[in-house]
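Undergrad: test case, fold it:
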Amino acid sequence: MIRNVDLNEISDGKLYEANDMVKLGVEDCEGCYACCCGTGDTLNLDPYDIYRLEAGLGLGFKELLAKHLELRVADGVIMPFLRMDKTLTVTSCGSSVTEKEACTFLNDRGRCSVHDCRPGICRLFPLGRIYEGDGHKYILMENECHKERRVKIKIRKWLETPEFQKYEEYVDAWHHYLAQITDHAKEMTEEELKRKNMALLQSFYLQDYDVSEDFYKQFYERMKF
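TA: Residues are numbered from 1 along each chain as shown. Below is the predicted model of the structure:
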């Protein structure tokens, strides 16, 4: 998603690489689920997120869409987003808190029920990516997390993603693919943009992935169309 912001306002002003050690770890997130609520306009899912959820939950994309996701427009592109329509009441330390815009995947204790196959944007938090040329760097968004982060962790370890180099290359490829659409969205007619969006949805989302096969091979095959 396109965001025009001053990095010094949202981060510590530094750019990090995947092998850098950054203060990301907290002792325990128990009782806190603030980052899983009220953020429906930012939690868009990429094809690898869908692959992970399909593999982890045994559901196809249409089933995920019916239960947990919704299609929204971001910068002219229609993409799946996590639903934030769950009403959740959690009791902690004798007091109850009700959240009406909670992630659909939170359980009744305010914990992530799909943690092992959670989307990349959830794994990334509280980091963000800045794209430069053909690659990207990471930023630490200091004011996004309610917990004090004390433990330094290598970014690539924090993301808990296998075949990490392939994943990094995929992230860049997907970003530039979307950028080609968003950069020209305003120049397209409504019908042209609709066709482009339907082709994107069909190729990368509606057509279920074979979760027994390598994701990256399937992704790059779909990039050809």
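
Undergrad: strands of this structure, start to end?
TA: Remark: strands assigned in the chain by DSSP state E are 21-25, 69-74, 77-82, 86-92, 95-102, 127-132, 135-140, 151-154.

Undergrad: against N143, how distant is the spatially closest residue to G120 that is not a sequence neighbour?
TA: Closest residue to G120 apart from its sequence neighbours, by Cβ to Cβ, 6 or more residues apart in numbering: D49 at 5.6 Å. For glycine as for every other residue, the C-beta is placed from the backbone atoms N, C-alpha and C. Using Cβ to Cβ, to the nearest Å, D49 is found at 25 Å from N143.

Undergrad: okay, the two: which has more neighbours?
TA: Neighbour count, other Cβ atoms under 10 Å: between D49 and N143, D49 has more, with 23 against 9.

Undergrad: need the contact list for that one.
TA: Contacts for D49 (Cβ atoms under 8 Å, 6 or more residues apart in numbering) come out as P119, G120, I121.

Undergrad: if we use 10 Å, what do you get?
TA: By Cβ atoms under 10 Å, 6 or more residues apart in numbering, the contact set of D49 is 43, 64, 69, 80, 82, 117-123, 205.

Undergrad: got any ranges where this protein has weak pLDDT?
TA: Applying pLDDT under 70 to the chain flags the ranges 1-6, 8, 91-97.

Undergrad: going along the chain, name the helices of it.
TA: For the chain, the helices defined by DSSP state H cover 7-10, 47-57, 61-67, 120-124, 155-158, 164-182, 190-201, 215-223.

Undergrad: please identify the most buried of those helices.
TA: Stretch with highest mean neighbour count among the helices of the chain: helix 47-57 (a mean of 21; mean count of other Cβ atoms under 10 Å).

Undergrad: I figured K194 hits V77, correct?
TA: No. Look at K194 against V77 with Cβ atoms under 10 Å: they stay out of range, at 11.5 Å.

Undergrad: cheers, nothing more for now.
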